[in-house]
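Participant: Sequence plus predicted model, see below.
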Amino acid sequence: MRILILLFISFFSFSQEEQYRSEFAWCNLKDEKSIDDAKNIASKYGEFVESVGSQYEQSFLAPMHAGEFQYDYVLWGSWPDGQSMYEEWGSYLNDYEKPAEVADCKKWRAVYNFLVGKSEIPSEKKDDKKPVQFAACKFTASGNSEKLFSAAKLNESELIEYGFKGWKHHYLFPYLGWEDEFEFDFIQVFHWDSFESRGTMAQKYVDFSSKYPENSKRFEKIAKCSGQNSFYEEFIFSNWN
């Protein structure tokens, strides 16, 4: 983990427009409470965020293929930058009248969120609940963040050239709340605008790999990933300008 602090020097050479801050909290619903109760509170908080002028967005993640996942859902919040993050936290702690809790949320963690590739589809074609896939990754002996970001741009151009649409590719690097014994360097995230987009990529990926054999090899020289888990994401609100 301490080595990662040195890596942030090269992070800021990457386009600032592609860098966000995000937070995750792992939550279990209280007795006789439902996910709809949690979403209702989140929606009302979105109204508060808008009223005070904070820039923040929030979605829920629920497990699909995530092994023995011990939580009902994961709260995923994001800000466009660090200033927005602390301004929103300030208004939440000082000005927000918190309702009765419907869930017990633990393991609050913040990350640097880098959007390194995307090819979106029109809004009317996007699903309300979208597939997301996470994997924990560690740099190889020759890998580093500069090579990772450079490879991501090449991989993005190949995915777009092939014709894959409706996807985003992120790298998450630990920021706050992570234990020193965290044994990975970053988390890779793919999320899709629809299940149709995900299915198309799954169906055609072998053909894509035969036409662009360096795509996966390029990444494997830089990092190794494990523990892939899939969730569905349901967007609740956004108050970004």
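Facilitator: Yes, it's here.

Participant: from here on, contacts and neighbour counts on C-alpha atoms
Facilitator: Fine.

Participant: which ones are touching Glu87?
Facilitator: Counting by CA atoms under 8 Å, 6 or more residues apart in numbering, Glu87 touches Ser54.

Participant: same deal with Glu57?
Facilitator: Contact analysis of Glu57 by CA under 8 Å, 6+ apart lists 46, 77-79, 236-240.

Participant: Which pair of these spans the longest distance?
Facilitator: Trp79 and Ile236 (14.2 Å; CA to CA).

Participant: lowest-pLDDT helix or strand in the chain?
Facilitator: The helix or strand of the chain with the lowest confidence, counting by mean pLDDT, DSSP states H and E, is helix 2-11 at a mean of 42.

Participant: how far away is the most far-flung residue of the chain relative to its centre from Tyr205?
Facilitator: Farthest-out residue of the chain from its mean C-alpha position, per CA atoms, centre = their mean: Glu32, at 29.3 Å. Noted for Glu32: a distance of 43 Å to Tyr205, by CA to CA, to the nearest Å.

Participant: His169 too?
Facilitator: His169 is 16 Å from Tyr205, where distance means CA to CA.

Participant: Could you check which of these two has the larger neighbour count?
Facilitator: His169 (19 against 14; other CA atoms under 10 Å).

Participant: and the more buried one, that's in a strand?
Facilitator: Yes: with DSSP: H, G, I helix; E, B strand; the rest coil as the criterion, His169 is part of a strand.

Participant: what's it in contact with, if anything?
Facilitator: 115-118, 188-191.

Participant: Kindly present the residues you listed as a markdown table, with separate columns for distance to Gly143 and neighbour count.
Facilitator: Output for the contacts of His169, formatted as a markdown table (distance: CA to CA, whole Å; neighbours: other CA atoms under 10 Å):
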| residue | distance to Gly143 | neighbour count |
| --- | --- | --- |
| Leu115 | 19 | 20 |
| Val116 | 17 | 21 |
| Gly117 | 19 | 22 |
| Lys118 | 23 | 21 |
| Gln188 | 15 | 18 |
| Val189 | 18 | 21 |
| Phe190 | 20 | 19 |
| His191 | 24 | 23 |
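
Participant: Just the closest of those residues to Cys27, please.
Facilitator: The nearest member of these to Cys27, counting by CA to CA, is Val189 at 19.9 Å.

Participant: Within the helices and strands, which one has the closest one?
Facilitator: Assigned by DSSP states H and E, Val189 falls within strand 186-192.

Participant: Next secondary structure element downstream of that strand?
Facilitator: Strand 186-192 is succeeded, C-terminally, by helix 195-211 (DSSP H and E).

Participant: Spell out, range by range, the helices that occur in the chain.
Facilitator: 2-11, 35-52, 82-94, 145-162, 195-211, 214-220 (DSSP state H).

Participant: Mind checking those for the one nearest to Glu179?
Facilitator: Here helix 2-11 is closest among the helices of the chain (CA to CA), at 10.6 Å.

Participant: wait, what's in contact with the nearest residue to Cys105 once chain neighbours are set aside?
Facilitator: Once flanking residues are discounted, Cys105 sits nearest to Cys27: 4.0 Å by CA to CA, 6 or more residues apart in numbering. Going by CA under 8 Å, 6+ apart, Cys27 touches 71-75, 103-106.

Participant: Please dump the residues you listed into CSV; it should also carry pLDDT and distance to Phe184 for every row.
Facilitator: As requested, the contacts of Cys27 are arranged in CSV below (pLDDT from 0 to 100; distance: CA to CA, whole Å):
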residue, pLDDT, distance to Phe184
Tyr71, 89, 22
Asp72, 91, 24
Tyr73, 93, 23
Val74, 94, 20
Leu75, 95, 21
Ala103, 95, 29
Asp104, 94, 26
Cys105, 91, 23
Lys106, 84, 20
